[in-house]
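J.: Structural data only, the sequence is not supplied:
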């Protein structure tokens with residue numbers, strides 16, 4: 001008996017889908033795209049071959065293309081260089097007949113997928129297309145996006161930790177001054193060319209696995225009206241903040257990470273750095289310094305034609321070098337993007353040496369603690385021969401008001417959102433005899449009722465300083481505050 005099966009033509013045979021027969025593991029996504037990852041390695045080798053050829057051609061005088069710089073800029077994400085590398089990848093795909101290759105669905109095209117996998121951010125690159133998402137985080141292999149309701153774990157992740165470290169290295173290479181290694185520099189702060197702030201910690205700072213946190217500004221319109229529309233504070237308080245921005249007094253915007261401090265600071269600057277003259281909005285007549293350790297903002301782009309000098313400092317340069325430079329450039333206002341151990345030295349020196357206004361952001365939950373926190377930060381790096389009590393008094397006597405902020409999980413119509421709120425405006429006064437700080441809270445948020453209340457009692461020091469340079473603005477501020485105090489509790493949208 002003939003045990004051979006009856007012959008079937010190729011058109012009638014069943015097609016074997018090899019992917020269905022692959023062994024299943026914990027990382028199903030990897031096995032689903034096993035051929036894609038093999039092809040991505042081929043694409044990488046192909047780009048390296050092009051790179052070597054171009055470098056050799058330049059060395060031989062056959063081309064002027066500087067592929068060392070092009071390749072470096074592509075790793076940084078500079079669009080022109082990225083597009084050039086992608087063009088080579090497209091040629092590779094076409095030449096090898098790979099156009100129908102399956103690729104992970106968090107990429108937009110096969111070319112994008114091959115570039116990001118080997119030269120970009122890997123699966124984290126999906127964050128670039130999240131226009132209204134203010135944060136992303138890689139923790140180990142996992143990827144999370146910060147939504148309006150909080151952190152959301154994504155359904156995809158990195159293949160392995162080596163890939164995560166490769167992305168961390170690419171972020172590190174954004175700036176030649178950056179250093180990232182496991183022993184002496186396990187932490188890094190930098191930013192991308194499109195102003196996404198990047199914070200990295202790796203082992204030995206982290207236990208076993210790295211963390212990469214991205215943050216970007218989702219609020220583009222820097223106006224008090226726009227912040228009020230987001231519910232950061234009630235609309236009726238807009239005149240209050242507009243006037244407060246005009247006062248040449250020392251201040252801090254304080255709150256936990258992610259509560260909107262930096263956006264609020266830039267909004268104040270966008271109002272304070274311009275004035276109305278002959279019916280036109282023009283740059284104010286004063287010069288401002290914006291100082292930070294890591295260039296998170298392009299303040300000249302955010303505030304066009306403003307008289308802002310954008311300074312970058314490292315370590316003790318803030319107190320020892322930058323302050324001396326400021327005095328030579330007729331500066332009236334100093335703004336610190338974030339007040340930390342070294343930046344606090346510039347805050348202290350500027351407030352003691354005739355700068356009319358010093359301001360910045362600070363991580364804090366209780367405004368009464370701000371002078372002590374700033375004093376302790378200062379003592380961490382400037383403690384030699386310094387009296388701690390005297391340092392505390394210096395910060396207490398040179399801080400005039402604080403705006404406190406926080407983030408709250410709110411539920412409305414079954415939807416949960418994380419809402420950023422101004423929780424208070426606090427004025428500081430110091431009893432010269434007892435050195436006791438007196439805190440006058442003139443605006444306060446009630447989280448349970450979701451309303452604000454106001455108090456028009458102002459300390460004598462605030463009255464004297466606020467009216468010193470602009471009596472008209474102070475009188476308007478006082479009138480608005482008294483009217484708000486007489487109103488009922490104020491909620492969002494009022």
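T.: Perfect, I can see it now. Every value quoted in this text rests on a predicted model; they were computed, and no experiment measured them. Numbers count the residues shown, from 1 in each chain.
J.: tell me the mean pLDDT over the lengthiest strand in the chain?
T.: Using DSSP state E to define each element, the chain has its longest strand at strand 415-430. Per-region confidence: strand 415-430 scores 91 on mean pLDDT.
J.: Can you point out the buried residues in that strand?
T.: Under the neighbour-count criterion of 16 or more other Cβ atoms under 10 Å, strand 415-430 has 418-430 buried. Placement of C-beta: from N, CA and C, glycine included.
J.: Taking these, tell me the two that lie furthest apart.
T.: Pairwise distances across the buried residues of strand 415-430 (Cβ to Cβ) peak at 35.8 Å, for the pair 418 and 430.
J.: re the thing from before, and the next helix or strand after the longest strand of the chain, what does it pack onto?
T.: Next helix or strand after strand 415-430 toward the C-terminus (DSSP states H and E): strand 437-446. On a contact count with 3 or more Cβ pairs under 8 Å, 6 or more residues apart in numbering; DSSP states H and E, strand 437-446 meets strand 415-430, strand 451-454.
J.: Can you check which of those gets nearest to residue 214?
T.: Proximity to residue 214 (Cβ to Cβ) singles out strand 415-430 among the helices and strands packed on strand 437-446, at 16.9 Å.
J.: Just give me the neighbour total for the residue lying closest to residue 96 once chain neighbours are set aside.
T.: Spatial nearest neighbour of residue 96, excluding adjacent residues (Cβ to Cβ, 6 or more residues apart in numbering): residue 42 at 7.4 Å. Residue 42 has 14 neighbouring residues, counting by other Cβ atoms under 10 Å.
J.: wait, residue 42 sits on residue 93?
T.: No. Assessed by Cβ atoms under 8 Å, residue 42 is found out of contact with residue 93, at 10.0 Å.
J.: residues contacting the closest residue in space to residue 427 that isn't next to it in sequence?
T.: Nearest non-adjacent residue to residue 427, counting by Cβ to Cβ, 6+ apart: residue 440, 4.2 Å away. Counting by Cβ atoms under 8 Å, 6 or more residues apart in numbering, residue 440 touches 426-429, 455, 457-459, 462.
J.: give me that answer again for 7 Å
T.: 426-427, 429, 457-459 (Cβ atoms under 7 Å, 6 or more residues apart in numbering).
J.: Can you list the buried residues in stretch 160-169?
T.: In stretch 160-169, counting by 16+ other Cβ under 10 Å, buried: 163-168.
J.: Okay, the closest residue to residue 67 other than its chain neighbours and residue 234: tell me how far apart.
T.: Take residue 67 and drop its neighbours on the chain: the residue closest to it by Cβ to Cβ, 6+ apart is residue 54, 3.8 Å away. Applying Cβ to Cβ, to the nearest Å, the value for residue 54 to residue 234 is 59 Å.
J.: ok, the two, which is more surrounded?
T.: Set residue 54 next to residue 234 and count neighbours by other Cβ under 10 Å: residue 234 wins out with 23 against 19.
J.: tell me which of the buried residues of stretch 160-169 is nearest to residue 50?
T.: Nearest to residue 50 among the buried residues of stretch 160-169 is residue 166, at 19.8 Å by Cβ to Cβ.
J.: show me the contacts for residue 259.
T.: With contact taken as Cβ under 7 Å, 6+ apart, residue 259 is in contact with 405-407, 420.
J.: Inside strands: which ones of those?
T.: 405-407, 420.
J.: List only those of those residues flagged as buried.
T.: Neighbour-count burial (16+ other Cβ under 10 Å) applied to these gives 405-407, 420.
J.: Let me know the closest of these to residue 386.
T.: Taking these together and measuring to residue 386 by Cβ to Cβ, the closest member is residue 405, at 30.6 Å.
J.: And the strands in the stretch 301-450 of the chain?
T.: Taking DSSP state E, counting those that start in this stretch to define them, one finds strands in the stretch 301-450 of the chain at 308-312, 333-336, 357-363, 401-412, 415-430, 437-446.
J.: Out of the ones you listed, flag the one nearest residue 99.
T.: For the strands of the stretch 301-450 of the chain, the distance to residue 99 is smallest for strand 415-430, at 42.2 Å, taking Cβ to Cβ.
J.: Centre of the chain to the closest one, how far?
T.: Chain-centre distance of strand 415-430: 19 Å, with Cα atoms, centre = their mean, to the nearest Å.
J.: other SSEs contacting that strand?
T.: Contacts defined by 3 or more Cβ pairs under 7 Å, 6 or more residues apart in numbering; DSSP states H and E place strand 415-430 against strand 401-412, strand 437-446.
J.: Ok, which of these comes nearest residue 142?
T.: Nearest to residue 142, of those and by Cβ to Cβ, is strand 401-412 at 21.8 Å.
J.: list the buried ones in the closest one?
T.: For strand 401-412, burial by neighbour count (16+ other Cβ under 10 Å) applies to 401-407, 410.
J.: quick one: contacts of it?
T.: So strand 401-412 is contacted by 249, 251-256, 258-261, 264, 367, 370, 416-428, 447 (Cβ under 7 Å, 6+ apart).
J.: So what are the sheet partners of that strand and their directions?
T.: strand 251-255 (parallel), strand 415-430 (antiparallel) (DSSP bridges).
J.: Let me know which of those strands is the nearest to residue 97.
T.: strand 415-430 (47.9 Å).
J.: Show me which helix or strand of this protein is least confident by mean pLDDT.
T.: helix 28-32 (a mean of 48; mean pLDDT, DSSP states H and E).
J.: Now do the following helix or strand past that helix: distance to the chain's middle.
T.: Next in sequence after helix 28-32, counting helices and strands by DSSP H and E, comes helix 34-59. Remark: helix 34-59 is offset 34 Å from the chain centroid, using Cα atoms, centre = their mean.
J.: And the helix or strand following helix 34-59, what does it pack against?
T.: Later in the chain than helix 34-59, the nearest helix or strand by DSSP H and E is helix 67-76. In this structure, helix 67-76 makes packing contacts with helix 34-59, helix 79-95, judged by 3+ Cβ pairs under 7 Å, 6+ apart.
J.: Contacts for helix 67-76 next, please.
T.: Outside helix 67-76, the residues that reach it (Cβ under 7 Å, 6+ apart) are 51, 54-55, 58, 81-82, 84-85, 119, 170, 173-174, 193.
J.: If any of these are buried, give me the ChimeraX selection for them.
T.: Of the contacts of helix 67-76, the buried ones can be selected in ChimeraX as follows, counting by 16+ other Cβ under 10 Å:
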select :51,54,55,81,82,84,85,119,170,174
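J.: Now tabulate the contacts of helix 67-76 in TSV and tack on pLDDT and distance to residue 97.
T.: Formatted as TSV, those follow (pLDDT from 0 to 100; distance: Cβ to Cβ, whole Å):
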residue	pLDDT	distance to residue 97
51	89	23
54	88	25
55	89	28
58	87	31
81	92	27
82	94	24
84	93	23
85	94	21
119	94	22
170	92	30
173	87	34
174	85	36
193	86	34
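J.: now the contacts of helix 67-76 as a markdown table including distance to residue 471?
T.: Converted to a markdown table, these look like this (distance: Cβ to Cβ, whole Å):
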| residue | distance to residue 471 |
| --- | --- |
| 51 | 66 |
| 54 | 67 |
| 55 | 67 |
| 58 | 66 |
| 81 | 55 |
| 82 | 55 |
| 84 | 60 |
| 85 | 60 |
| 119 | 60 |
| 170 | 54 |
| 173 | 53 |
| 174 | 48 |
| 193 | 46 |
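J.: average pLDDT for stretch 354-361?
T.: Across stretch 354-361, pLDDT averages out at 93.
J.: Any buried residues in it, and which?
T.: So stretch 354-361, judged by 16+ other Cβ under 10 Å, has buried residues 355-361.
J.: With that, I have no additional questions.
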